[in-house]
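1. Predicted model, plus sequence, below.
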Amino acid sequence: MEFDQLRAFRRELHRNPEPAFAEIGTAARIEGAIAGLPVDVLTGKEAHDLSNVVDYPSRETLEKWESAAVLSGVAPDRARYFRDHGTAMVVDVEGVRPGPRWGLRVDIDALPMRESTDPAHFPAAHGFGAINGAMHACGHDAHATIGVGLLHRLADRDFAGSLRVLFQPAEEGVRGAQTMLDAGVADGIDRMLAIHVAGDLPVGTVVGSFTGGMATRKLRIAFDGKASHAAGAPEEGRNALLAASMSALAVMGLPRFSSADTRLNVGTLVAGDGVNIVPSSAVMTCEARATDDEIVDDLVERIRSIVAGCALAQGVDVDLAVMGRSATLTPDDELIDRIVEAAGDESTVSEVIRTRMVAGSDDANLLIRHVQQRGGQGAYIMTGAASPGPHHSETFDVAEESILIGIDVLESLIRR
């Protein structure tokens, strides 16, 4: 694919963003963009196992995004397929010589937020601003395009080994990687990579790998009580809202750790039916993060104890579910060396930074760790994208030259 084709594909994805597990049109467009290449494609249950997903989109939600995909030009049969079978895709291309099995994770979901319509905002000015209430505010449209572009580059198969590209749904909320791990698609990979645009770095900058990151658990906690008249029979009720409120305050009051950096946040609390009814139900979401994997597990166990105690105090039942997860990242020096060398040989790369600490959480780390635990190597590449606004903001955008640089570096790395 030439640069103008890559740019057009990226803009089509950007115009039609879709949230976690509803990337129906996105998956169909990726499928169309690689049609005719000498690749093997896995979808549905072969690509991800959705049986353990908490709060998977409802049928009504999926049908809404299916309709939006069709209205945007996606073939109805393909939209229905991805609605019914999930949106993950795994694409394999085999080289003509023996060599390592590479893996590349590229995420494809967008965020549930509205994009700026300011005429000064580049997508708005050039007619590809998001049209459906979601937004690619973290560059996943660029990542998907890098994956597609790399498959086209390697279609001559003139390289050693093989490449498996994992087009992953639901990175936001760190929910999608585990579904692909559960389907076994990372088994047998020798070198696991992920790539991400860095909005705060100039175009031409490449980071061999980010390091650190935060392990996280995203929790959904449901309290089930008993409704009663708040004036006529308050003693007969069991107040789920009070149990949730007590839990929220106690979670935020958990002690921090001296041996690691930690974060706690209660994000939402939805409860009750009316001002004169003892609330019979409440649902709270919260997250725990830490720069140490064992400590984040410790925090979750403390949260379990808190919600159990608060539920007991109010006489209500409680259920805690882990909605999403990620791990910290320790990339392999040997693989970083390879990336740095490959990036340094590209004329479009003006600066190579070996590693960079990042505080965020990304579930590609689970895929990388899975490969490392089986004797393989892993790293997470970053490429500067010079965004005018920060990640997850309405003015985020990607300098499209960064897409080409990402493809160049990955191709050079795999061909050597």
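-> Arrived safely, thanks for sending. None of these values were measured; they are calculated from a predicted model. Numbering: from 1, shown residues only.
2. What residues sit buried inside the strand or helix carrying residue 414?
-> Using DSSP states H and E, residue 414 maps to helix 401-415. Going by neighbour count (16 or more other Cβ atoms under 10 Å), the buried part of helix 401-415 is 401-414. C-beta: built from backbone N, CA, C; applies to glycine.
3. for stretch 268-286, same thing?
-> Quick answer for stretch 268-286 (16+ other Cβ under 10 Å): 269, 271-272, 278-286.
4. and what of stretch 258-268?
-> Residues of stretch 258-268 classed as buried under the neighbour-count rule (16+ other Cβ under 10 Å) are 260, 262-264, 266.
5. Tell me which two of those residues sit farthest apart.
-> Greatest spacing in these, by Cβ to Cβ: 260 and 266 (20.3 Å).
6. ranges for the helices of the stretch 201-350 of the chain?
-> Shown for the stretch 201-350 of the chain, the helices assigned by DSSP state H, counting those that start in this stretch span residues 240-252, 293-314, 333-344.
7. Show me what the shortest one packs onto, helices and strands only.
-> Taking 3 or more Cβ pairs under 8 Å, 6 or more residues apart in numbering; DSSP states H and E as the contact definition, the neighbouring helices and strands of helix 333-344 are strand 205-212, strand 351-358, strand 377-384, helix 401-415.
8. repeat for the first one
-> Taking 3+ Cβ pairs under 8 Å, 6+ apart as contact, the helices and strands that helix 240-252 lies on are strand 215-224, strand 262-271, strand 281-290, helix 293-314.
9. export the ones you listed to TSV and tack on distance to residue 189 and mean pLDDT?
-> Listed next are the helices and strands packed on helix 240-252 as TSV, based on distance: least, Cβ to Cβ, whole Å; pLDDT from 0 to 100:
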stretch	distance to residue 189	mean pLDDT
strand 215-224	21	98
strand 262-271	30	97
strand 281-290	27	97
helix 293-314	21	97
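10. JSON lines for these, including distance to residue 192?
-> As requested, the helices and strands packed on helix 240-252 are exported to JSON lines (distance: least, Cβ to Cβ, whole Å):
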{"stretch": "strand 215-224", "distance to residue 192": "17"}
{"stretch": "strand 262-271", "distance to residue 192": "26"}
{"stretch": "strand 281-290", "distance to residue 192": "22"}
{"stretch": "helix 293-314", "distance to residue 192": "17"}
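11. Determine which of the helices and strands packed on helix 333-344 approaches residue 74 most closely.
-> Evaluated with Cβ to Cβ, those place helix 401-415 nearest to residue 74, the distance being 22.0 Å.
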